[in-house]
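[1] kindly generate the corresponding structure for this input.
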Amino acid sequence: MLKKNKKHFLSIDPAKSPIFYGYIVLVIGSIGVFCSIPGQTIGVSVFTDPVKDALGLSRNQFSNAYLIGTIASALIIGRAGVWFDKYGARLVAFFAALTLGIALFLSSWSLHMSNFVKSILEVDSWMIPFVIITFLFFLLRFAGQGVLTMASRNMIMIWFDKNRGKVNAFTSIAISFGFSASPLWVDALIESNGWQGAWKWLGAALLLFSILIFLLYKNKPEDYGLIPDGKIIQNRNPKASNTVSKQFTLKEAKSQRAFWMYALILAFNSFFVTGLTFHIVSIFESQGFPKSDAIAIFLPASVVAVIVSIIFNYLSDYLPLKLFLYLMILGGIVASVGFLSLPTIYGIPLLITGFGILSGFYGVLNTIAWPRFFGREHLGAISGRVMSFLILASALAPSIFSLCYTSFGSYHFLGYLGLSYLLFIAIGSIKANNPNRG
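    Here you go, the predicted model:
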């Protein structure tokens, strides 16, 4: 018999909703991912110049603090996945939003904390603000980019099965446009309120959103007599909704070739896109292009990414994901060739196309592959481990790109390294089949 869900104070019962509650989960979960922006690179980067200047840190010191904080968050994000499986999306996302909100308030007071510690220790050293901002970056990255994003995405996928691709198309479009516009409104917030005031406003917004999470986030449809996609359980048997033949544990998932091949191509996307974005002006200037040409690639690449995401999220309900895996590899190859061909007239179009294809398929595979391949029971632990790879790749990318340029006087080595890596993934993925399809 299906266990009745415990009643929570001010909680809403999805079984009494006039529409399938999964659609409410879809909207509120998408907002949850959007609210992770203050902990994402795109949200933090706008604060770089005013914060580093206020704290008296050089650009390298500030970047290294971000690197260390991000790596530290990657090392423990897998634990958050285990919490997701044990306690559910509601509690995990609630505490993630609460932590992110508190971290944003603490970040707004980072200068005061630094000056206070300096006065207590009677030491005027850059190490004091460096340590403080490193810890704050850890909190921002862990709670925002890591836990809140993972819990929100996973919750949506748990409430849908046959229609995962269609609902993920909605989420991808909303988040793509939301993330693309975020530097503009975050910058406007800083201009109006200063960097300290901007972080306080964002912190207040996260604390308010944590209340919505407590009210509206729901763990599983089975807890309320429902199953994914909106049907009512007739025999009250929760197993009736499972469309996969086996629910894999993290250990079992890691024994499958598909886990590693899909995780590695997603990690390549995180590495390449982060490194390219972080050093885009330097990369283009090294090939004789002005800054305006460098910045201009993001809009058309975003258009390509959204088109790819819409089409293939929809098709993912009907086609094997292995086809998408190879198309993503192809996008990586096109991007790498464009990267190497920048001095020519074909370089920028190829880079834009490959960049867009990579980003588009990233949104499809990173969300849909794990519940389809390994089931929903241990989705948090599995996606949490993958998230740790992605965060680590994005953390290392800026330093490796910079090291390549300072060592070889060019970024070209990374293009050849990328092609070699993609060839390895292509060969290794030949037998990377869906473990739940035999």
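
[2] quick one: low-confidence parts of the stretch 301-438 of the chain?
    438 (pLDDT under 70).

[3] hey, where'd the helices end up in it?
    321-340, 347-374, 379-408, 412-428 (DSSP state H, counting those that start in this stretch).

[4] just say which of those helices is most tucked in.
    Scoring the helices of the stretch 301-438 of the chain by mean neighbour count under mean count of other CB atoms under 10 Å gives helix 347-374 as the most buried, with a mean of 23. Where C-beta positions appear, they are placed from N, C-alpha and C, glycine not excepted.

[5] what angle sits between it and helix 379-408?
    With axes from the mean of the first three to the mean of the last three CA atoms, to 10 degrees defining the directions, helix 347-374 sits at 150 degrees from helix 379-408.

[6] what is helix 347-374 packed up against?
    helix 149-158, helix 164-216, helix 250-254, helix 257-278, helix 298-315, helix 321-340, helix 379-408 (3 or more CB pairs under 8 Å, 6 or more residues apart in numbering; DSSP states H and E).

[7] any idea of the mean pLDDT in the longest one?
    Taken as a whole, helix 164-216 has a mean pLDDT of 89.

[8] show me what it is packed against.
    helix 21-34, helix 41-44, helix 48-55, helix 59-108, helix 149-158, helix 298-315, helix 347-374.

[9] pretty sure Lys166 contacts Ile311?
    No. Lys166 lies out of contact with Ile311 (CB atoms under 8 Å); the separation is 11.7 Å.

[10] could you list the low-pLDDT ranges of the stretch 1-150 of the chain?
    Using pLDDT under 70, the stretch 1-150 of the chain drops low at 1-11.

[11] what about the residue nearest the centre of the chain, distance to Leu206?
    The residue lying closest to the centre of the chain (CA atoms, centre = their mean) is Gln145, at 5.6 Å. Gln145 sits 13 Å away from Leu206, going by CB to CB, to the nearest Å.

[12] same deal with Lys16?
    Taken as CB to CB, the span from Lys16 to Leu206 is 29 Å.

[13] so Tyr346 makes contact with Val334?
    No. Tyr346 is not in contact with Val334 according to CB under 8 Å; the separation is 10.6 Å.

[14] distance of Val334 from Ala393?
    Taking CB to CB, one finds Val334 at 20 Å from Ala393.

[15] oops, could you answer that again for Gly363 instead?
    16 Å.

[16] run a quick neighbour tally on the nearest residue to Ala205 once chain neighbours are set aside.
    Leaving aside its chain neighbours, Ala205 sits nearest to Cys35 (7.3 Å; criterion: CB to CB, 6 or more residues apart in numbering). Around Cys35 there are 27 other residues, counting by other CB atoms under 10 Å.

[17] can you pull the contacts of Cys35?
    Neighbouring residues of Cys35 by CB atoms under 8 Å, 6 or more residues apart in numbering: Ala97, Leu100, Leu148, Ala205, Leu206, Phe209.

[18] check those residues and tell me the two furthest apart.
    Leu148 and Ala205 (12.7 Å; CB to CB).

[19] more neighbours: those two, which one.
    Leu148 (32 against 16).

[20] check contacts around that one.
    Gly32, Val33, Cys35, Ser36, Gly39, Ala93, Ala96, Ala97, Leu100.

[21] one more: Ser255?
    So Ser255 contacts nothing (CB under 8 Å, 6+ apart).

[22] so for it, what's the pLDDT?
    95.

[23] also Lys251?
    pLDDT, Lys251: 94.

[24] and the gap between the nearest residue to Val308 once chain neighbours are set aside and Ala15?
    Take Val308 and drop its neighbours on the chain: the residue closest to it by CB to CB, 6+ apart is Gly360, 2.7 Å away. As defined by CB to CB, Gly360 lies at a distance of 36 Å from Ala15.

[25] any idea how far Met328 is from the residue nearest to Ala205?
    From Cys35 to Met328 the distance is 27 Å (CB to CB).

[26] okay, now Pro307: neighbour count?
    One thing to correct before we go on: residue 307 is Ile, not Pro. Neighbour tally, Ile307, other CB under 10 Å: 13.

[27] and the residue of the chain most remote from its centre, how far is that from Thr134?
    Centroid-distance maximum for the chain: Glu122 at 40.6 Å, with CA atoms, centre = their mean. Computed as CB to CB, the Glu122 to Thr134 distance reads 22 Å.

[28] same question for Leu206.
    Taken as CB to CB, the span from Leu206 to Thr134 is 21 Å.

[29] which one's more surrounded, those two?
    Neighbour tally, Leu206 and Thr134, criterion other CB under 10 Å: the higher count belongs to Leu206, 27 against 19.

[30] contact partners for Ala93?
    By CB under 8 Å, 6+ apart, the neighbours of Ala93 are Gly32, Val147, Leu148, Ala151, Ser152, Met155, Ile213, Tyr217.

[31] quick one: which of those residues is nearest to Leu75?
    Closest to Leu75, out of all of the contacts of Ala93 and judged by CB to CB, is Val147, at 13.6 Å.

[32] hang on, the closest one packs against Ala96?
    Yes. Counting by CB under 8 Å, Ala96 is a contact partner of Val147 at 3.8 Å.

[33] now do the shared contacts for those two.
    In contact with both Val147 and Ala96: Ala80, using CB under 8 Å, 6+ apart.

[34] so what's Ala204 up against?
    Contacts of Ala204 by CB under 8 Å, 6+ apart are Gly101.

[35] from Ser36, how far off is Phe142?
    From Phe142 to Ser36 the distance is 11 Å (CB to CB).

[36] ignore the last one, Gly360
    20 Å.

[37] what about Lys254, neighbour count?
    13.

[38] got the contact list for it?
    The neighbourhood of Lys254, defined by CB under 8 Å, 6+ apart, consists of Trp260, Arg385.

[39] the one 4 residues further on now?
    Listed by CB under 8 Å, 6+ apart, the contact set of Ala258 reads Ala369, Phe373, Ala432, Asn433, Asn434, Pro435.

[40] re the thing from before, which one of the helices and strands packed on helix 164-216 lies closest to Leu250?
    helix 59-108 (7.8 Å).
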